[in-house]
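# let me see the structure of the following:
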Amino acid sequence: MNIKVAMPFYLAIFDLDETLIAADSARLWSHFLVKKGLAPLSLLTHEQAMIAAYAKGTLDMASYMTTTLEPLKGKTPHIIKQLVDDFIHEVITPAIYPQALDRIEWHRKRGDHILIISATSEHLVKPIAAALGIDDVIAIEIKQNNGVYTGKTTGILSFKEGKVERLKLWLQQQKHSYKGSYGYSDSINDLPLLSLVNKPFAVNPDPMLAMHAQMQEWTIMDWRHDNNILR
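Here you go, the predicted structure:
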């Protein structure tokens, strides 16, 4: 019989984009690739329309991933990692909310288990999380074939209800359970996840999430960044 032991600490779940960083990492990545001449300018036009749908909570995530992963097709993870390392140094590190670092450290000092769950693909989320000192990540998984990226996703997309599904699968793989859970996000798309945790926090929430947070008397956190970050 597999009996899980409850640990005396909490699980702290963070969204990434517009929550820990003052921007959308996938969008910044697209700009980065276009700037480097590795993606066509048309990518930005297509993505802009999709971001508008995301803000309304109506984004077709499968279509979005097909569009934004196109530049990875045929490239090895090693080549992409080199690009991502430069991207994090040049673009992401300056975009990190100082208050996010403080909150991560607050949870770390408490002994809480910190997890990022993001609707961005793993080739970006995992190294960004590592830069933040966070080991555990749930992100959209991307398919490889013969050692190169195919431009396709695999598995359950960690978006909306998919975040909850992926979290439940992740929890099943853990050797212990938690005393409770915290959740942090800016987006109405994460309402299913925030409704699941014991202590939800709306970080710089979009209008729809802000309204829901006020009605449910959730804590609203106002994080600010001095740098002029591309949005």
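# pLDDT on the longest helix seen in the chain, on average?
Longest among the helix segments of the chain by residue count, using DSSP state H, is helix 42-56. On average, the pLDDT along helix 42-56 is 80.
# now the element after that helix, going C-ward?
helix 61-68 (DSSP states H and E).
# list the buried ones in whatever helix or strand comes next after that next one?
Counting by DSSP H and E, the next helix or strand C-terminal to helix 61-68 is helix 77-87. For helix 77-87, the buried set under the neighbour-count rule, 16 or more other C-beta atoms under 10 Å, comprises 80, 83-84, 87. Just so you know, the C-beta spots here come from the backbone N, C-alpha and C atoms, and that holds for glycine as well.
# again, but for stretch 155-164
156-160, 162-164.
# from those residues, pick the one nearest residue 132.
Nearest to residue 132 out of these is residue 158 (C-beta to C-beta; 17.5 Å).
# I'd assumed residue 122 was in contact with that closest one.
No. With contacts counted by C-beta atoms under 8 Å, residue 158 stays clear of residue 122, the gap being 9.3 Å.
# which residues do these two both contact?
Contact criterion C-beta atoms under 8 Å, 6 or more residues apart in numbering; residues bridging residue 158 and residue 122 by contacting each: 139-140.
# what ranges of this structure fall below the confidence cut-off?
Across the chain, the ranges flagged by pLDDT under 70 are 1-3, 5-8, 227-231.
# can you show me the strands along it?
Taking DSSP state E, the strands of the chain run over residues 5-6, 11-14, 113-121, 136-145, 148-154, 176-177, 181-185, 199-203, 219-221.
# angle of the fifth one against helix 61-68?
Using axes from the mean of the first three to the mean of the last three C-alpha atoms, to 10 degrees, the direction of strand 148-154 lies 160 degrees away from that of helix 61-68.
# now distance to residue 42 and mean neighbour count too, for the strands of the chain, in CSV please.
Converted to CSV, the strands of the chain look like this (distance: least, C-beta to C-beta, whole Å; neighbours: other C-beta atoms under 10 Å):
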stretch, distance to residue 42, mean neighbour count
strand 5-6, 52, 8
strand 11-14, 32, 25
strand 113-121, 20, 23
strand 136-145, 21, 17
strand 148-154, 16, 16
strand 176-177, 48, 12
strand 181-185, 30, 24
strand 199-203, 32, 22
strand 219-221, 37, 15
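# mind checking which of those strands is nearest residue 24?
Per C-beta to C-beta, nearest to residue 24 of the strands of the chain: strand 113-121, 8.0 Å.
# partner strands of that closest one, with direction?
When sheet partners are counted by DSSP bridges, strand 113-121 sits next to strand 11-14 (parallel), strand 136-145 (parallel).
# what are the contacting residues of the shortest one?
Right, the one you point to is strand 11-14. 20, 100, 104, 107, 112-117, 134, 167, 178, 180-185, 193, 197.
# pull it out as PDB, backbone CA atoms only.
C-alpha atoms of strand 11-14 as PDB (Å, rounded to 0.1, in the frame of the first residue of the first chain):
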ATOM      1  CA  LEU A  11       3.200  23.900  -1.800                       C
ATOM      2  CA  ALA A  12       3.700  27.400  -3.400                       C
ATOM      3  CA  ILE A  13       2.600  27.500  -7.000                       C
ATOM      4  CA  PHE A  14       3.600  30.400  -9.200                       C
END
